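K.L.:
Sequence isn't available, so here's the structure alone:
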């Protein structure tokens, strides 16, 4: 495998070819969007996704992860007894199953063609995304969830009215009139963040096209706590993207890496009521590794409204 090129900037930010990078142009870590989803809502949406996949010709073997997640949540949805806050494994399983159903709903909503026939590669990825255990921690490797994240990024771009398709490195989308790539990576352990980012950069290099790295960073905001109001949640999550600081410094001058996109979802339990509630929030962050002030402005003009559209539509899901 070809190694990613790491062309470092000079101290003044100047590249070896004399151009400049503007690493400080980035959107602030989004305060998060309330997503109208709960286990009961997730059950209904997963049924919609299952029906949609069937119409698209996607094979859904018995016991696939979406079906099992829906079945597990159905047991919980009818439960009226208080939940035990000490049973972290049970609460975590509810969160994971809810997220599986929710993300597949978004993926199913964004998938389709005018002819009704999906490209074989899209069908293959959809089928692979249904594999795996209910809970990620039960897997050593999670190819199904990795593919699910690729398709989730695809869905978000569709929600943002951005033309996008399945292609190397993982996706390609239309960015300010040019087709660029996306290499998408899930990160299960914080200590593996840089390695996964490096893997994504290698994919971009091998594709021989400029592109962005998209990272699923649920682990950066998970365990923020329960019973937090929105302001407290935002305040405690604002410092989480600092984990990317060293990565940004190393790759800001890479000739093929255009920047990074970070997506994360958190679930907050409120177990104090007679009936426990689950609040799901979506966080987003981007950084454009710009070569000029003009490129930096173009990045802001593209991504700032895109992230706003995604956030707005997440809150308005039917």
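P.N.:
Everything's here; your move. What you are looking at is a predicted structure, and each value in this text was computed from that prediction instead of being measured.
K.L.:
so where's the stretch 101-250 of the chain uncertain?
P.N.:
Applying pLDDT under 70 to the stretch 101-250 of the chain flags residues 114-115, 221-241.
K.L.:
90 instead?
P.N.:
For the stretch 101-250 of the chain, applying pLDDT under 90 flags the ranges 112-117, 134-142, 188-192, 217-246.
K.L.:
Now do the strands in it.
P.N.:
164-166, 171-175, 178-186, 211-216 (DSSP state E, counting those that start in this stretch).
K.L.:
Packed most tightly, which of the ones you listed would that be?
P.N.:
Ranked by mean neighbour count under mean count of other CB atoms under 10 Å, the strands of the stretch 101-250 of the chain are led by strand 211-216, which reaches a mean of 27. Quick note: C-beta positions are derived from backbone N, CA and C, even for glycine.
K.L.:
what lines up beside that one in the sheet?
P.N.:
With DSSP bridges as the test, strand 211-216 is paired with strand 178-186 (parallel), strand 257-270 (parallel).
K.L.:
I'd like those strands as JSON lines, with distance to residue 106 appended.
P.N.:
As requested, the strands paired with strand 211-216 are exported to JSON lines (distance: least, CB to CB, whole Å):
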{"stretch": "strand 178-186", "distance to residue 106": "15"}
{"stretch": "strand 257-270", "distance to residue 106": "11"}
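K.L.:
Kindly state which of the ones you listed is positioned closest to residue 217.
P.N.:
Closest approach to residue 217 among these is made by strand 257-270 (4.3 Å; CB to CB).
K.L.:
Now that closest one: buried residues?
P.N.:
The neighbour-count check on strand 257-270 (16 or more other CB atoms under 10 Å) flags 257-269 as buried.
K.L.:
that older thread, between the strands paired with strand 211-216, which gets nearest to residue 49?
P.N.:
Closest to residue 49 of these, according to CB to CB: strand 257-270, at 16.7 Å.
K.L.:
if we can go back for a sec, format the strands of the stretch 101-250 of the chain as JSON lines; extra columns: distance to residue 41.
P.N.:
Listed next are the strands of the stretch 101-250 of the chain as JSON lines, based on distance: least, CB to CB, whole Å:
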{"stretch": "strand 164-166", "distance to residue 41": "26"}
{"stretch": "strand 171-175", "distance to residue 41": "28"}
{"stretch": "strand 178-186", "distance to residue 41": "24"}
{"stretch": "strand 211-216", "distance to residue 41": "22"}
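K.L.:
Tell me which of those strands sits nearest to residue 53.
P.N.:
Here strand 164-166 is closest among these (CB to CB), at 15.9 Å.
K.L.:
Partner strands of that closest one, with direction?
P.N.:
For strand 164-166, the paired strands and their directions (DSSP bridges) are strand 171-175 (antiparallel).
K.L.:
Residue 98 is in contact with residue 73, isn't it?
P.N.:
Yes. With contact defined as CB atoms under 8 Å, residue 98 counts as touching residue 73 (6.6 Å).
K.L.:
And residue 2, what's its pLDDT?
P.N.:
pLDDT, residue 2: 36.
K.L.:
Repeat that for residue 259.
P.N.:
Predicted confidence (pLDDT) at residue 259: the value is 96.
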